[in-house]
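A.B. asks: Sequence and predicted structure, then a few things I'm wondering about:
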Amino acid sequence: MNRQQKEQIVVDLRQMMTEAQATFLVNYKGLTVASLQQLRRTLHTGGNKLRVAKATLMQKAAQDIAGAPSFSESFKDQVGLVFAKSDVSGAAKQLMAFAKDNQLLQVIAGFYETRVLGPEELKFLASLPSRDVLIAQMLGTLQAPMTSTVRILYMLIARLVIVLKEIEKKQAGNQ
């Protein structure tokens, strides 16, 4: 690989890190090519990407990104970067599930909003519901008071109608 190709890889990695909402560092040492391809396909279904490059190129790519130099300290051995563009918890779930099935894959660290995440924080992130579910829960919470108010107003109107019907019956019975 010549110098221009290496520089292009560094530029591509830097761009992917800045565009992604989160970046995860995985150690894939010992995985077969078929397993690595399966991981790529699994991640691709969620809109995520796995990128493998030399650790030194990854370190150069992370130099100018805020908070990333501390993340790049873990770039050792055979590591790859997983870029989560939209659903961070979904990507973490996919990685943790794949690591559970394939003991050789290790999720080492994560990088989210200029913060380095350790293994425990990654497990917590993977336990969160997906972005769509969180949005639906929030909308349900916002909608609940309005729904209750409408239901109470409906019951008041229904009771008023029942009272008016009873008054009408009484007046019809007195005549």
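C.D. replies: Here it is on my side, so go on.

A.B. asks: helices and strands of this protein: which one bottoms out on pLDDT?
C.D. replies: The element with the least model confidence among the helices and strands of the chain, by mean pLDDT, DSSP states H and E, is helix 68-72, at a mean of 69.

A.B. asks: From the contact counts, what lies against the helix or strand that that helix is followed by?
C.D. replies: Using DSSP states H and E, the helix or strand that directly follows helix 68-72 along the chain is strand 79-84. When contacts are defined as 3 or more CB pairs under 8 Å, 6 or more residues apart in numbering; DSSP states H and E, strand 79-84 packs onto helix 3-19, strand 22-27, strand 48-52, helix 55-62, helix 88-101. (Each C-beta comes from the backbone N, C-alpha and C, glycine too.)

A.B. asks: Number of residues surrounding G30?
C.D. replies: For G30, the neighbour count with other CB atoms under 10 Å is 12.

A.B. asks: Which of the three states applies to it?
C.D. replies: Under the three-state scheme (DSSP: H, G, I helix; E, B strand; the rest coil), G30 adopts coil.

A.B. asks: okay, the helices and strands packed on strand 79-84, which one's buried deepest?
C.D. replies: Ranked by mean neighbour count under mean count of other CB atoms under 10 Å, the helices and strands packed on strand 79-84 are led by strand 22-27, which reaches a mean of 24.

A.B. asks: what angle do that one and helix 3-19 make?
C.D. replies: Calculated by axes from the mean of the first three to the mean of the last three CA atoms, to 10 degrees, strand 22-27 forms an angle of 130 degrees with helix 3-19.
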